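Asker: Show me how the following folds:
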Amino acid sequence: MTKSDLVNNLGTIARSGTKDFMEALAAGADVSMIGQFGVGFYSAYLVAERVVVTSKHNDDEQYVWESQAGGSFTVTRDTTGEPLGRGTKITLYLKDDQLEYLEERRLKDLVKKHSEFISYPISLWTEKTTEKEISDDEDEDEKKDTEEGKVEEIDEEKEEKEKKKKKIKEVSHEWNLINKQKPIWMRKPEEITKDEYAAFYKSLTNDWEEHLAVKHFSVEEDLPLNISRETLQQNKILKVIRKNLVKKCIELFFEIAENKEDYNKFYEAFSKNLKLGVHEDSTNRTKLAELLRYHSTKSGDELTSLKDYVTRMKEGQNDIYYITGESKKAVENSPFLEKLKKKGYEVLYMVDAIDEYSIGQLKEFEGKKLVSATKEGLKLDDSEEEKKRKEELKEKFEGLCKVIKEVLGDRVEKINPENAIMEELRKRADADKNDKSVKDLVMLLFETSLLTSGFSLDDPNTFGTRIHRMLKLGLSIDEDEEAAGADTDMPPLEEDAGESKMEEVD
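Answerer: Sure thing, here's the model as predicted:
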């Protein structure tokens, strides 16, 4: 800068260059010219008590501008300083409580945070310590001189072994470029290599692993520079950016999903975020639902999508069935699945805590309702043949149902007549409706069903005693008087405590 430039551009805080910059920008100047107008120059006084600017213009002498931010400044011709040739040097004399800005690490962090992608190179004067290995006699010149005339014939190999080595630390200083990353978003995607994307990702995240995928796009127009929080939040361009960011991210997720291995990695890390999106983002809910993956009764160890589920739906199946629980292992043996499995219907396992919330908002997919397998009063459409068979079974099991009602009362609503245990109980009940073993087995089956459905028993001791009695019966062990006495302590079946209820006993 010339002397007049120093006076005009740095002379007063009121003229920090912002107005001139905005006028130049309106006239068509490049946004990258912001550095020419001194915008933010006076922020230097946040950390410095005195600022000295030395500058040399081709058409003027070298001058020094100096100020302590006390409302005055001086501009003098520089006759004693180091000649710059051309350019500007700024020297900050830091306040006593701001000396951390002399630390190499602090300066590197600042550049990385605020100026990593500035197109101009930023170099830092750094200190480097290296270890150098030398022999003992390498730095003992005087000793060498006194022993110069002594000659001794010894084996060379032996001499090498006998030479003692030692390590010394050398400190050196050098300029290091610290903003190596260039603003690749200013270039066209086809001009950027995979290695450049990788370097950009690692610089941005400090991650040593490779990135999974890249989506490179731009939104036309620039944001206004007079940005306060209020104007930025109300700016239409920002709303466009927000909308496009979400849109492009979803596009990227679908691109990743084309590679099953990559998507499994992605889904493992971000499945909860996608499900939260389904819950909260009504605009993109349908799209996000296509990205969800679950285990199911037919998927084995693989995950399946809702779209794939729909393609496998049985003829006549109108709904998508799912079951929620704490883990895959906990739900895959649930008695609630038996009826659906028998129909050949696939059931999705939803074992994340957030699943119930997200599905509660989704409700349907491609016109198919999502229905819980544990839903009270779950009804499946039956064919005429199935309806006829049900009527026959109802009549066939009428005797057993009466016995069960006597034992359990209102604690059971219906039974599964297709179950082999139920069939055997029916035969025994038909043979002797007062058979004690039938009543014991009915209660045992009920309590076991409670446990497998995740409920707790009101009296586990009685349950254990009943198990032992059934074991003795199965092993044909006669009950002796002591065992009989223990069994008489059990409450009658009709009075067995238990408030827990379930819809179906399998």
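
Asker: Just give the number of residues close to the nearest residue to residue 10 once chain neighbours are set aside.
Answerer: Counting by Cβ to Cβ, 6 or more residues apart in numbering, residue 10 lies nearest to residue 65, which is 5.6 Å off, once chain neighbours are set aside. (C-beta placed from N, C-alpha, C; glycine too.) Applying the criterion other Cβ atoms under 10 Å, we find 23 residues in the vicinity of residue 65.

Asker: who touches residue 65 in this structure?
Answerer: With contacts defined as Cβ atoms under 8 Å, 6 or more residues apart in numbering, residue 65 is in contact with 6, 7, 10, 52, 53, 54, 55, 73, 74, 75.

Asker: Are we agreed that the fourth one is in a strand?
Answerer: Going back to what we said before, that points to residue 52. Yes. When classified by DSSP: H, G, I helix; E, B strand; the rest coil, residue 52 is found to be part of a strand.

Asker: distance of residue 351 from residue 83?
Answerer: The span separating residue 351 from residue 83 equals 74 Å under the rule Cβ to Cβ, to the nearest Å.

Asker: re earlier: please narrow the contacts of residue 65 to those residing in strands.
Answerer: Counting by DSSP state E, the members of the contacts of residue 65 that fall within strands are 52, 53, 54, 55, 73, 74, 75.

Asker: Measure how buried the nearest residue to the fifth one once chain neighbours are set aside is and give me the count.
Answerer: To tie it back to what came earlier, the one meant is residue 73. Distances taken as Cβ to Cβ, 6+ apart place residue 67 nearest to residue 73, at 3.7 Å, with adjacent residues excluded. Residue 67 has 19 neighbours, counted by other Cβ under 10 Å.

Asker: Over to residue 338?
Answerer: The number of residues packed around residue 338, counting by other Cβ under 10 Å, is 16.

Asker: Going along the chain, name the helices of the stretch 301-450 of the chain.
Answerer: If DSSP state H, counting those that start in this stretch is used as the criterion, the helices of the stretch 301-450 of the chain fall at 306-311, 328-332, 338-342, 355-362, 384-396, 398-408, 420-431, 436-452.

Asker: how about the ones you listed in a markdown table, adding distance to residue 134 and mean pLDDT?
Answerer: As requested, the helices of the stretch 301-450 of the chain are exported to a markdown table (distance: least, Cβ to Cβ, whole Å; pLDDT from 0 to 100):
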| stretch | distance to residue 134 | mean pLDDT |
| --- | --- | --- |
| helix 306-311 | 69 | 95 |
| helix 328-332 | 65 | 89 |
| helix 338-342 | 79 | 86 |
| helix 355-362 | 67 | 92 |
| helix 384-396 | 94 | 80 |
| helix 398-408 | 92 | 87 |
| helix 420-431 | 87 | 87 |
| helix 436-452 | 77 | 85 |
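
Asker: closest one to residue 98 among the ones you listed?
Answerer: When the helices of the stretch 301-450 of the chain are ranked by proximity to residue 98, the top entry is helix 355-362, at 49.1 Å, counting by Cβ to Cβ.

Asker: Same question for that closest one: list its buried residues.
Answerer: Residues of helix 355-362 classed as buried: 355, 358, 359, 362 (neighbour count, 16 or more other Cβ atoms under 10 Å).

Asker: ok, now which ones touch residue 183?
Answerer: The neighbourhood of residue 183, defined by Cβ under 8 Å, 6+ apart, consists of 117, 119.

Asker: please begin residue numbering at 49 from this point
Answerer: Let's use 49 as the start, then, which means that last one is residue 231.

Asker: how close does it sit to residue 262?
Answerer: Here residue 231 is placed at a distance of 15 Å from residue 262 (Cβ to Cβ).

Asker: just residue 389 next, same as before
Answerer: Residue 389 sits at a distance of 43 Å from residue 262 (criterion: Cβ to Cβ).

Asker: Among the ones in strands among the contacts of residue 113, the buried ones, what's the ChimeraX command?
Answerer: Here is the ChimeraX selection string for the buried members of the ones in strands among the contacts of residue 113, based on 16+ other Cβ under 10 Å:
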select :100,101,102,103,121,123
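
Asker: With respect to residue 373, which of the ones in strands among the contacts of residue 113 is nearest?
Answerer: Checking the ones in strands among the contacts of residue 113 against residue 373 by Cβ to Cβ gives residue 101 as the nearest, at 69.6 Å.

Asker: Just confirm the closest one contacts residue 140, I think it does.
Answerer: No. Under the criterion of Cβ atoms under 8 Å, residue 101 makes no contact with residue 140, lying 10.1 Å away.

Asker: now the end-to-end length of stretch 504-511.
Answerer: According to Cα to Cα, to the nearest Å, stretch 504-511 extends 11 Å from its N-terminal end residue to its C-terminal end residue.

Asker: Report the distance from whichever helix or strand the residue nearest to residue 58 is part of to the chain centre.
Answerer: Under the criterion of DSSP states H and E, residue 113 resides in strand 110-115. The gap between the average C-alpha position of strand 110-115 and the chain average comes to 53 Å, counting by Cα atoms, centre = their mean, to the nearest Å.

Asker: okay, that strand in PDB with CA atoms only?
Answerer: Written as PDB, here are the backbone C-alpha positions of strand 110-115 (Å, rounded to 0.1, in the frame of the first residue of the first chain):
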ATOM      1  CA  GLN A 110       8.200   1.800   2.200                       C
ATOM      2  CA  TYR A 111       6.000   3.100   5.100                       C
ATOM      3  CA  VAL A 112       5.100   2.000   8.600                       C
ATOM      4  CA  TRP A 113       1.600   2.500  10.000                       C
ATOM      5  CA  GLU A 114       1.300   2.100  13.800                       C
ATOM      6  CA  SER A 115      -1.500   2.400  16.300                       C
END
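
Asker: Direction included, what does it pair up with?
Answerer: If you go by DSSP bridges, strand 110-115 pairs up with strand 96-104 (antiparallel), strand 121-125 (antiparallel).

Asker: could you dump those to CSV with distance to residue 469?
Answerer: Putting the strands paired with strand 110-115 into CSV (distance: least, Cβ to Cβ, whole Å) gives the following:
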stretch, distance to residue 469
strand 96-104, 86
strand 121-125, 97
